[in-house]
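Asks: I would like the atomic coordinates for the input below:
(4 chains)
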4 protein chains.
Amino acid sequence: MSETPHHWIVTLVCDDRPGIVHAVTGAIVEAEGNITELQQFSSLGSGRFFLRLQTETHADHDALLAALQPVIDRYGAECRIDAVGRPLRTLVLVSKAGHCLNDLLFRQRSGTLPIEVPLVLGNHPDLGELAAFYGVPFASHPVTDAEQKAAMEARILAAVDEHDIELVVLARYMQIFSPELCAALAGRAINIHHSFLPGFKGANPYARAHARGVKLIGATAHFVTSDLDEGPIIEQNVTRVDHSRSPEELVVIGRDIESRTLSQAVRWFAEDRVLLDGQRTVIFT
Amino acid sequence: MSETPHHWIVTLVCDDRPGIVHAVTGAIVEAEGNITELQQFSSLGSGRFFLRLQTETHADHDALLAALQPVIDRYGAECRIDAVGRPLRTLVLVSKAGHCLNDLLFRQRSGTLPIEVPLVLGNHPDLGELAAFYGVPFASHPVTDAEQKAAMEARILAAVDEHDIELVVLARYMQIFSPELCAALAGRAINIHHSFLPGFKGANPYARAHARGVKLIGATAHFVTSDLDEGPIIEQNVTRVDHSRSPEELVVIGRDIESRTLSQAVRWFAEDRVLLDGQRTVIFT
Amino acid sequence: MSETPHHWIVTLVCDDRPGIVHAVTGAIVEAEGNITELQQFSSLGSGRFFLRLQTETHADHDALLAALQPVIDRYGAECRIDAVGRPLRTLVLVSKAGHCLNDLLFRQRSGTLPIEVPLVLGNHPDLGELAAFYGVPFASHPVTDAEQKAAMEARILAAVDEHDIELVVLARYMQIFSPELCAALAGRAINIHHSFLPGFKGANPYARAHARGVKLIGATAHFVTSDLDEGPIIEQNVTRVDHSRSPEELVVIGRDIESRTLSQAVRWFAEDRVLLDGQRTVIFT
Amino acid sequence: MSETPHHWIVTLVCDDRPGIVHAVTGAIVEAEGNITELQQFSSLGSGRFFLRLQTETHADHDALLAALQPVIDRYGAECRIDAVGRPLRTLVLVSKAGHCLNDLLFRQRSGTLPIEVPLVLGNHPDLGELAAFYGVPFASHPVTDAEQKAAMEARILAAVDEHDIELVVLARYMQIFSPELCAALAGRAINIHHSFLPGFKGANPYARAHARGVKLIGATAHFVTSDLDEGPIIEQNVTRVDHSRSPEELVVIGRDIESRTLSQAVRWFAEDRVLLDGQRTVIFT
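Replies: Residues are numbered from 1 along each chain as shown, chains lettered A, B, ... in the order given. From the prediction side, this is the model:
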């Protein structure tokens, strides 16, 4: 027990059975915690149960875990305990377009996005100056052939190890991960796709949206999987456009949606609000 | 205990103290209930705690209440137990404009709005035919002087008594309640105001919105209080307009927002999702 | 020249060349018309020019056409002259779900949708009562085999001829047109698809949207072509959903968007605001 | 006549009378211009006529003006001719909050906002580093008493003169202009107010929005007048919030809307799309 109270986030996922909420809240009572936020969801499709709560308590991490351990064991649950507001160690990957990186770093510095960014990696050097302004180390490696691509992926994995990275953000990184890299980063790599998925998967979505004559364009933040643009969706937004907009104007209009959508997804992930339910996500907002 | 399981909604409001969630869920466990939905909120402003859960159990209303009674007593809580899907007895008040009434009754008949409407009262006879189509009794009484106004209010209160009304909906009813009627129906009368409150309180909001040159117009569903258009807000929506729209066009465009916003507020109320926190509402969606 | 002024809509489409606006407005000046609304668009993709204007003038249809004829001839333009507010003769096709039909007919009767509906045809009898309430003739024909389907399509074409139909609206009509019927009604049949196209073309879009875990669901009003759900898009809308919504709830939530989107598309079409630019639409709102 | 074609914006405002569009487009034809965009609006309230067009022509500014001069004279019109894409000379005023400044400068540098910023003035020094990163001169002057306030206003006017400023942007500048400064900058100073006007005029709008329990918060970009927060509205946006958001969280959520709304208003102004119609604006988008 510590002098000043802690504010913990507890997430717990297991097969759905009666009594779980009571059991978990009992453990919180045992740890003399006050619950300040609690959300739960029973997925009919998968039969899985999801819970996220925040609790103020004098119990430290180990004491809280000890209180929860019998519940974890009884229900065969996956449980995670995290401190509210702890910055998530985040690696950001970029190419040339800087709007998403700028948005992430501006929010981070403003204190409204709980991440810390030990490194930005690019396949182009263009955004080094922007990273430098925010005091973030930057490195770039060209990726124009298979050998360079393999080197870049090794570099990414090395950075993940070195900096104990919890989340990799593809902030308009215009390279497709190999299946091996997808597997290595499963559940902890978020991409922003510049369309309202499942429409316009793959390349040049704005040009195709223009050709199809859609009246709304969008952006989708999703987990990276080896199935291109098919990973679980975290957040989506759209904005209205009309016939007078050229494909080039759609690109510019879309940047705002991309930035907002990606930052929102990263914030939710950093606050342990994103849980995986098969190909779907549970978002406790 | 009954043969087939019940699906109950439990709402509970009390001063915020540690252990409430555990105590409530313990009572649910005692009643052998499985929690299918649970939301809670601690209001920092008022120090009040709000909880809504849904539970499947063989316990009937009295058995569930008996299990919850010790918790209710210990925390001095207001508690309500309701059956999921039970239609709310609703009195609808109208004038001449039928869009909100049509929307409510169409949804009711489609099975997507859990209300039953034993009576529609109007201060004009115009909407009798619409009510008749939906098989709902209709009566109208002119309200053109103080005496008629008093008679109409007496009629409303009589109908509330006679039909055991749980909610009075002012579906573009263009009369202001007396303070006495406001008091009598406190917390169970919902009005739709045709502006985005607190902008354009009072009469002719669309004309005033046009004169002010706003770029979005809106509608607000709120509880009726004696302070005109100042009651707790339940739901608000807006839609974009531009300089080319006349005040008359704003009226037409606004109808859609009014209908949707009012129906949404009524659904939430009927599903026990609306709780009062002073001048604010807690909406568990 | 008539005593009271007319209010005309003029739409004109031709290959883009300098001077068209001046030529058209010159013809309006010649007809002593005052322009109250004017919009134009030059499509870079197709090289086509689109113009819509409204004009108040004492010239009748033939006099206005005579003034415009030299311009039409010089530019090889398609030109249409229509009276502002004239109700469009509209055939509505339905199956069992009534929300779109109810929305269209309620707006028509409220005077906010400039259509007249001489007939509603269904492949189920369910919506006859609703049509009757609005005083609209209704007929139903089962479509359960190829022969009945052919008979229904013949019935549709006969109704189009008999009532001089200008627009066929598929208001959640759950049958696919034959290529021949698509061809016969090209550019004057509007369907509402219950997804945000191009996502979830074809059957059961809400179930597939749920499985994919999208965070917004939508509806699309589009012209019917023989390429299923690939016709030019007129209007789209979306609404936010979260993980807790079942496929059945998505169906209910989606109805509002479907109704609004279809009615909006029909209004724009009835007001001559929808022009075809290849696979895209130009919407002058 | 020049070798390479120019792309001009022409805006024209006058009392509404028949024949204006024809007269203006005739002048464009005379200048051998091709019209690429044209919008008009007749204001019933004020009786004023508004037109904006874009034209490609070999005529230079003076030649185009010469062609338009007879029209200007005949209709007593105000007319402005501007080059498409010309950066608007913009003075930005700030206090401590950097989100709007960052948004404006990032867009400017990305080439998506046609402004040039010769100077940023602050009443606090905090944002000097941000301005420096974008290569924009920055100066700050404390404004804590009447004397300093007068000095700051003199500094603003001097900067407007020195840099031939066309637009002054109050990018969360937390000072109220004197009536004299309002008058001096009438029609060329844009403020971002952090509420959906006319709701929550004046100070601390988020705290008051929280207390009132609104379900949407917003931001409003408007012209500065001596009537606080009553100037003509250029753009408004809102976003959904719920009961669980604290006033502090509303502040953070609101920043996104403020940034977007202000940048949108500045872009429209820089593209000559914003015209004044009394207390209302005509926005040709």
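
Asks: Tell me the residues on the stretch 101-250 of chain A that lie near chain C, please.
Replies: Within reach of chain C by Cβ under 8 Å from any Cβ of the partner chain, the stretch 101-250 of chain A has these residues: A:196-200, A:211-216, A:218, A:232-238, A:242-244, A:246. C-betas here are computed from N, CA, C, even on glycine.

Asks: Out of those residues, list just those in helices.
Replies: Using DSSP state H, the members of these that fall in helices are A:211, A:212.

Asks: filter the residues of the stretch 101-250 of chain A next to chain C down to the ones near chain D?
Replies: With Cβ under 8 Å from any Cβ as the criterion, those include residue A:244 near chain D.

Asks: Selecting buried members of the residues of the stretch 101-250 of chain A next to chain C in ChimeraX, what would you type?
Replies: The buried residues among those can be selected in ChimeraX (16 or more other Cβ atoms under 10 Å in any protein chain shown) with this line:
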select /A:196,197,198,199,200,212,213,214,215,216,218,232,233,234,235,236,237,238,243
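
Asks: Now the closest residue to residue A:165 other than its chain neighbours, what are its backbone angles?
Replies: Excluding the flanking residues, the one nearest residue A:165 by Cβ to Cβ, 6 or more residues apart in numbering or on different chains is residue A:91, at 4.6 Å. Backbone geometry at residue A:91, expressed as degrees, to the nearest 10, gives phi -100, psi 130.

Asks: Residue A:91 - how many residues pack around it?
Replies: When neighbours are counted by other Cβ atoms under 10 Å in any protein chain shown, residue A:91 registers 23.

Asks: Report the contact partners of it.
Replies: Applying Cβ atoms under 8 Å, 6 or more residues apart in numbering or on different chains, we find residue A:91 in contact with A:117-121, A:156, A:159-160, A:163, A:165, A:167-169.

Asks: before we move on, which element is residue A:221 in?
Replies: Secondary structure assignment for residue A:221, by DSSP states H and E: strand A:216-223.

Asks: Would you point out which residue of the stretch 151-285 of chain A is nearest chain B?
Replies: Closest approach between the stretch 151-285 of chain A and chain B, counting by Cβ to the nearest Cβ: residue A:240, at 8.3 Å.

Asks: What sits closest to that residue if chain neighbours are left out?
Replies: Residue A:240's closest residue in space is residue A:216 (Cβ to Cβ, 6+ apart), at 5.6 Å.

Asks: What separation is there between the one you found and chain D?
Replies: In this view, residue A:216 and chain D are 16 Å apart by Cβ to the nearest Cβ, to the nearest Å.

Asks: With residue A:251 instead?
Replies: Distance from residue A:251 to chain D, counting by Cβ to the nearest Cβ: 9 Å.

Asks: And what about that residue, helix, strand or coil?
Replies: Three-state assignment for residue A:251 (DSSP: H, G, I helix; E, B strand; the rest coil): helix.

Asks: same check, this time on residue A:169
Replies: Recorded secondary structure, residue A:169: strand (three-state DSSP).

Asks: Just give me the neighbour total for the residue of the stretch 151-285 of chain A closest to chain B.
Replies: Residue A:240: 12 surrounding residues under other Cβ under 10 Å.

Asks: How about residue A:226?
Replies: By the criterion of other Cβ under 10 Å, residue A:226 has 15 neighbours.

Asks: thinking again about what came up before, pairing partners for the strand holding residue A:221, with directions?
Replies: strand A:189-193 (antiparallel), strand A:233-240 (antiparallel) (DSSP bridges).

Asks: contacting residues around residue A:14?
Replies: A:20, A:48, A:49, A:75, A:76, A:77, A:78.

Asks: out of everything not next to it in sequence, what's closest to the residue in the stretch 1-150 of chain A that chain C sits nearest to?
Replies: Of all residues in the stretch 1-150 of chain A, residue A:41 sits closest to chain C, at 5.9 Å by Cβ to the nearest Cβ. Excluding its sequence neighbours, the residue lying closest to residue A:41 (Cβ to Cβ, 6+ apart) is residue A:50, at 4.6 Å.

Asks: Just list whatever residues bridge to that neighbour.
Replies: If you apply DSSP bridges, the partners that residue A:50 bridges to are residue A:13, residue A:41.

Asks: residue contacts, it?
Replies: Contacts of residue A:50 (Cβ under 8 Å, 6+ apart): A:11, A:12, A:13, A:40, A:41, A:42, A:43, A:275, A:277, A:282, A:284.

Asks: Make a markdown table from those residues and add pLDDT and neighbour count to it.
Replies: Shown next, in a markdown table, are the contacts of residue A:50 (pLDDT from 0 to 100; neighbours: other Cβ atoms under 10 Å in any protein chain shown):
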| residue | pLDDT | neighbour count |
| --- | --- | --- |
| A:11 | 98 | 21 |
| A:12 | 98 | 25 |
| A:13 | 98 | 20 |
| A:40 | 96 | 22 |
| A:41 | 96 | 23 |
| A:42 | 94 | 19 |
| A:43 | 95 | 18 |
| A:275 | 98 | 24 |
| A:277 | 97 | 17 |
| A:282 | 98 | 24 |
| A:284 | 97 | 22 |
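
Asks: In a markdown table: those residues, plus distance to residue A:177.
Replies: As requested, the contacts of residue A:50 are arranged in a markdown table below (distance: Cβ to Cβ, whole Å):
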| residue | distance to residue A:177 |
| --- | --- |
| A:11 | 26 |
| A:12 | 30 |
| A:13 | 25 |
| A:40 | 33 |
| A:41 | 29 |
| A:42 | 33 |
| A:43 | 27 |
| A:275 | 22 |
| A:277 | 23 |
| A:282 | 24 |
| A:284 | 27 |
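
Asks: ok, so of these, who is nearest residue C:106?
Replies: Lowest distance from residue C:106 to these (Cβ to Cβ) belongs to residue A:41, with 36.8 Å.

Asks: thought that closest one was touching residue A:52?
Replies: No: with contact defined as Cβ atoms under 8 Å, residue A:41 does not count as touching residue A:52 (9.1 Å).

Asks: what touches both of those two?
Replies: Listed as contacting both residue A:41 and residue A:52 by Cβ under 8 Å, 6+ apart are residue A:284.

Asks: where does the stretch 1-150 of chain A dip in pLDDT?
Replies: Counting by pLDDT under 70, the stretch 1-150 of chain A has low-confidence residues at A:1-3.

Asks: ranges for the helices of it?
Replies: For the stretch 1-150 of chain A, the helices defined by DSSP state H, counting those that start in this stretch occupy A:20-30, A:61-75, A:99-110, A:128-133, A:146-162.

Asks: Of these, which is nearest chain B?
Replies: Closest of these to chain B is helix A:20-30, at 3.9 Å (criterion: Cβ to the nearest Cβ).

Asks: Off-centre distance for the closest one?
Replies: The chain centre lies 28 Å from the centre of helix A:20-30; the measure is Cα atoms, centre = their mean, to the nearest Å.

Asks: could you check whether it is close to chain C?
Replies: No: using Cβ under 8 Å from any Cβ, helix A:20-30 stays clear of chain C, coming no nearer than 15.6 Å.

Asks: what's the answer for stretch A:255-262, then?
Replies: No: Stretch A:255-262 does not reach chain C (Cβ under 8 Å from any Cβ); its nearest approach is 9.5 Å.

Asks: what does that stretch contact?
Replies: With Cβ under 8 Å, 6+ apart, stretch A:255-262 has contacts from A:97, A:99-100, A:102-104, A:169, A:171-172, A:190, A:192, A:194, A:217-221, A:235-239, D:110, D:112, D:256, D:260.

Asks: Drop anything exposed from those.
Replies: A:97, A:99-100, A:102-104, A:169, A:171-172, A:190, A:192, A:194, A:217-221, A:235-238, D:112, D:256, D:260.
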